[in-house]
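S.K.: next come a sequence and a model predicted from it.
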Amino acid sequence: MAAPDEDAYDVVVVGGGPAGEVVADRIVRSGLTAVVVEAEAVGGECSYRACVPSKALLRPGAARAEARSVDGARQAVTAALDPARVLARRDRFTGRGDDTGQADWLDGAGIALVRGHGRLAGERRVEVTAPDGTVRTLQARRAVVVCTGTEPALPPVEGLDRIGVWTNRQATTADAVPARLVVIGGGVVACEMATAWRSLGASATLLVRDRALLTGWEPCAGEEVTRGLSDLGVRIRFGVSAVRVARDETTRTVTVETDDGTALVCDEVLAAVGRRPRTADLGLETVGLPVGDWLPVDDTCRVTAGIDGDWLYAVGDVNRRAPLTHMAKYQARACAAAIVERAAGRPAVTGGRQRWSAEADRFAVPQAVFTRPEVASVGLTERAAREAGLAVRTVEYRIDDVAGAALHADDYRGLAKLVVDETRGVVVGCTLTGPMATELIHTATVAIVGEVPLERLWHAVPAFPTVSEVWLRLLEAYGL
Ligand SMILES: Cc1cc2nc3c(=O)[nH]c(=O)nc-3n(C[C@H](O)[C@H](O)[C@H](O)COP(=O)(O)OP(=O)(O)OC[C@H]3O[C@@H](n4cnc5c(N)ncnc54)[C@H](O)[C@@H]3O)c2cc1C
């Protein structure tokens, strides 16, 4: 029972990013009530400072390159990108952080919104501190769902906290193109943001501690992106870490000292070395959980460690299962279905193939990188499949050799790699590089999730002359 000064809802969702919005939507569609607590802007990092603005910054350069890759069209595209128009187009997608549209959407969907910072205050209770300092307590009849996402992790570089370092927030919202950008990191955000700002005219240098980009992917992905960035004029220094940075107060330039004894002068430094959970100020201690950690969950997104009962869930980046918007939304659908099942007194048992199991997190996470060339993957890499003890066979094919690819672009260059589980005769992993790789990957996702035997895939005939004919070539290379 809620105390008289408390508002009670079936489900209290803390964090209104993609995960929180979808959990709340699915909950109210099922007939239960839901409230979203949001500290900044409804829509989360994705809408204003991550996926949407980054792709809006990348698309004009990709469109220009695409037109220039076809003789006859190339001659019509001779000017450089217009940065002011590119930034203005990005702002049309993000509304410069104005969340009125998304807040209205919540309202229309019948979802309550409470603005402020939410903290757990014991079992099923969330205290919200509003921007004006007033505190309100929300009571959850069924569940609290934590969807607070992540924030950038900063590398241990002396002076980084004093130069006004760029994180994903500045890198996606900046209003001017820096003349010289140094990017610390070699992962997806580092590669995409170097591509975007280089395309807009910045000189860009990547400082990569590892010996390759996109570690954790098939090696061909990192190799192709390395080549693409180099062709674009991005300098990449492998095996190098920044150790000290300082901004000159007069010239506003930043000097970056590295561990190989060299120094670089630039205008902005972007730190893109990973994320940490937004759980430090979440009241986790009031329910006996460690402060500041990721929240481990089961396939229904129920928090597994140290919680009695089934009232606390964590969805999206904060549970670290698959930190991507589409997977956050997938988990949100699964979590909401599980809460509804349990509210009705039915068990939401994981391990099966029900809608309340976010099982694909473990074997079929698609990821798209919008560099030039694009790269995309789903499922296991060859290495991960071997480490999992599968009887693996791989097949590779150069997509350039497909007629549709050559028609698509004069200089088409791309690679497809399949990882096949020989015991079951099914695809368990796929990596694609090249133009349209990000669109082509969904075919592989369907094949993996559907566990479609290769013999059966043979009958899924790709249209001529499309780039998708690479699927026929891969099956032929496999021996069918
Ligand atoms: C530069 C960049 C580009 C990316 N591009 C892509 C992409 O192209 N495709 C893709 O799939 N993924 C991409 N991602 C990842 C994607 O942004 C995340 O996976 C996604 O935002 C996760 O959604 P979420 O709802 O879990 O968290 P978030 O989007 O981070 O939302 C969390 C929300 O919770 C709120 N919040 C936090 N703490 C509290 C609190 N205590 N009380 C109240 N509210 C709180 C925050 O204000 C925020 O609105 C990108 C990430 C970055 C950094």
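M.R.: All right, it came through fine. Predicted, not measured: the structure shown is a model, and the values here were computed from it.
S.K.: can you name the next helix or strand after the strand ranked longest in the chain?
M.R.: If each strand of the chain is counted by residues according to DSSP state E, the longest one is strand 135-146. Downstream of strand 135-146, the next assigned helix or strand under DSSP states H and E is strand 150-152.
S.K.: name the helices or strands packed onto the helix or strand following that following strand?
M.R.: Next helix or strand after strand 150-152 toward the C-terminus (DSSP H and E): helix 168-173. With contacts taken as 3 or more C-beta pairs under 8 Å, 6 or more residues apart in numbering; DSSP states H and E, helix 168-173 sits against helix 44-49, helix 51-68, helix 188-199, strand 268-271. (C-beta placed from N, C-alpha, C; glycine too.)
S.K.: repeat that for 7 Å
M.R.: Other helices and strands packing on helix 168-173, by 3 or more C-beta pairs under 7 Å, 6 or more residues apart in numbering; DSSP states H and E, are helix 44-49, helix 51-68.
S.K.: which residues touch the following helix or strand past it?
M.R.: Once the chain leaves helix 168-173, the next helix or strand it forms, by DSSP H and E, is strand 180-184. With contact meaning C-beta atoms under 7 Å, 6 or more residues apart in numbering, strand 180-184 is reached by 155, 190, 193-194, 197, 202-207, 242, 256, 264, 266-273.
S.K.: report the angle between strand 180-184 and helix 188-199.
M.R.: Between the axes of strand 180-184 and helix 188-199, defined by axes from the mean of the first three to the mean of the last three C-alpha atoms, to 10 degrees, the angle is 170 degrees.
S.K.: neighbouring strands for strand 180-184, and are they parallel or not?
M.R.: strand 203-208 (parallel), strand 268-271 (parallel) (DSSP bridges).
S.K.: please give me every residue in contact with the residue of the stretch 151-300 of the chain found nearest the ligand.
M.R.: Closest to the ligand within the stretch 151-300 of the chain is residue 168: 3.7 Å, counting by C-beta to the nearest ligand atom. The contact partners of residue 168, by C-beta under 7 Å, 6+ apart, come to 49, 50, 152, 189.
S.K.: isn't the first one up against residue 171?
M.R.: Meaning residue 49. No: between residue 49 and residue 171 there is no contact under C-beta atoms under 7 Å: 8.6 Å.
S.K.: and those two? Which one has more around it.
M.R.: residue 171 (28 against 22; other C-beta atoms under 10 Å).
S.K.: which parts of the helix or strand where residue 443 lies are buried?
M.R.: Assigned by DSSP H and E, residue 443 falls within helix 437-449. Within helix 437-449, the residues scored as buried using 16 or more other C-beta atoms under 10 Å are 437, 438, 440, 441, 443, 444, 445, 447, 448.
S.K.: give me the contact list for the next helix or strand after it.
M.R.: Using DSSP H and E, the helix or strand that directly follows helix 437-449 along the chain is helix 454-457. With C-beta under 7 Å, 6+ apart as the contact definition, helix 454-457 has outside contacts at 420, 425, 426, 447, 475, 478, 480.
S.K.: please repeat the previous calculation with a cut-off of 6 Å.
M.R.: Contacts with helix 454-457, where a contact means C-beta atoms under 6 Å, 6 or more residues apart in numbering, come from residue 425.
S.K.: show me what from the stretch 251-400 of the chain comes close to the ligand.
M.R.: 278, 282, 316, 317, 318, 323, 324, 325, 326, 328 (C-beta under 6 Å from any ligand atom).
S.K.: roughly how far apart are the closest residue to the first one other than its chain neighbours and residue 126?
M.R.: This points to residue 278. Once flanking residues are discounted, residue 278 sits nearest to residue 148: 4.2 Å by C-beta to C-beta, 6 or more residues apart in numbering. Plainly put, residue 148 is 11 Å away from residue 126 if you go by C-beta to C-beta, to the nearest Å.
S.K.: what does residue 478 give?
M.R.: 53 Å.
S.K.: residue 320 too?
M.R.: 22 Å.
S.K.: more neighbours: which of these two?
M.R.: With neighbours defined as other C-beta under 10 Å, residue 320 and residue 126 compare such that residue 126 has more, 27 against 17.
S.K.: what ranges do the helices span in this protein?
M.R.: 18-29, 44-49, 51-68, 83-94, 100-108, 168-173, 188-199, 219-232, 325-343, 382-387, 403-408, 437-449, 454-457, 470-478 (DSSP state H).
S.K.: next, the buried residues of the fourth one.
M.R.: What it means is helix 83-94. Using 16+ other C-beta under 10 Å as the burial criterion, the residues of helix 83-94 that qualify are 83, 86, 87, 90, 91, 94.
S.K.: just the last one next, same as before
M.R.: Taking 16+ other C-beta under 10 Å as the basis for neighbour counts, the residues of helix 470-478 that come out buried are 470, 471, 472, 473, 474, 475, 478.
S.K.: same deal with the first one?
M.R.: For helix 18-29, burial by neighbour count (16+ other C-beta under 10 Å) applies to 18, 19, 20, 21, 22, 23, 24, 25, 26, 27, 28.
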